[in-house]
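S.K.: requesting a structural model of the entry that follows:
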Amino acid sequence: IIEHKGTVFGLAQPDWVSSVIGTPNQKTLSKALGIEKHIWVVTKNGENLDFIKTWADQVDARAEISASINQGISDFVGATMQGDKAEIEEAIERYSARASAITVSGLTKETDWWILSRTKINKNEKSEAKYTYIVVYSIDEELYTNQIRKAFKDEDDKFVEQLIQHLMNYTMIEPRT
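M.R.: This is a model prediction of the structure:
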């Protein structure tokens, strides 16, 4: 690490950054961050900090969070459905289409952190400096579960409650440091 968000002020890297990198668990991360909401962590890497921050904050975060919800639904349906492969894939597609109804309105940017690091893969190669931007988004859990229920209102209540339980434990974390 060459520099990070707190370097200029003499601040140490916060503990939550290490938790994000080392813990893909929703409850542990929420506790480390001191946030009693459902959270998602989005990371971006690049050479231009302003660009990756702007891209993550204004464009990519919502798309990645929506994709994460869709993946969580696909994982759940694939694991719980019975039948042949074609039937399961059809069910996954049908339920995934409903994921677009989960708008994650109420999503809040909680905190962010950036790190400038230098890596050298081989001894003979020039080292490369890159930024890693980590941003944490949250949504009130009741609001999130209500959006899921609304998207799946025509489905069996037991299925919906199991899906909600699965999604509440599902955390998108892609630390690329």
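S.K.: list the helices and strands whichever helix or strand Trp16 is part of packs on?
M.R.: If you go by DSSP states H and E, Trp16 is part of helix 15-22. Judged by 3 or more Cβ pairs under 8 Å, 6 or more residues apart in numbering; DSSP states H and E, the packing partners of helix 15-22 are helix 26-33, strand 108-119, strand 128-139. Using the backbone N, CA and C atoms, a C-beta is placed for each residue, glycine as well.
S.K.: so which of the ones you listed comes closest to Asn45?
M.R.: strand 128-139 (5.3 Å; Cβ to Cβ).
S.K.: tell me the buried residues in that closest one?
M.R.: By neighbour count on 16 or more other Cβ atoms under 10 Å, the buried set for strand 128-139 is Lys130, Tyr131, Thr132, Tyr133, Ile134, Val135, Val136, Tyr137, Ser138, Ile139.
S.K.: what are the ranges of the helices in the chain?
M.R.: 15-22, 26-33, 49-55, 61-80, 85-99, 141-151, 157-169 (DSSP state H).
S.K.: buried residues, the second one. List them.
M.R.: Read that as helix 26-33. Quick answer for helix 26-33 (16+ other Cβ under 10 Å): Gln26, Leu29, Ser30, Ala32, Leu33.
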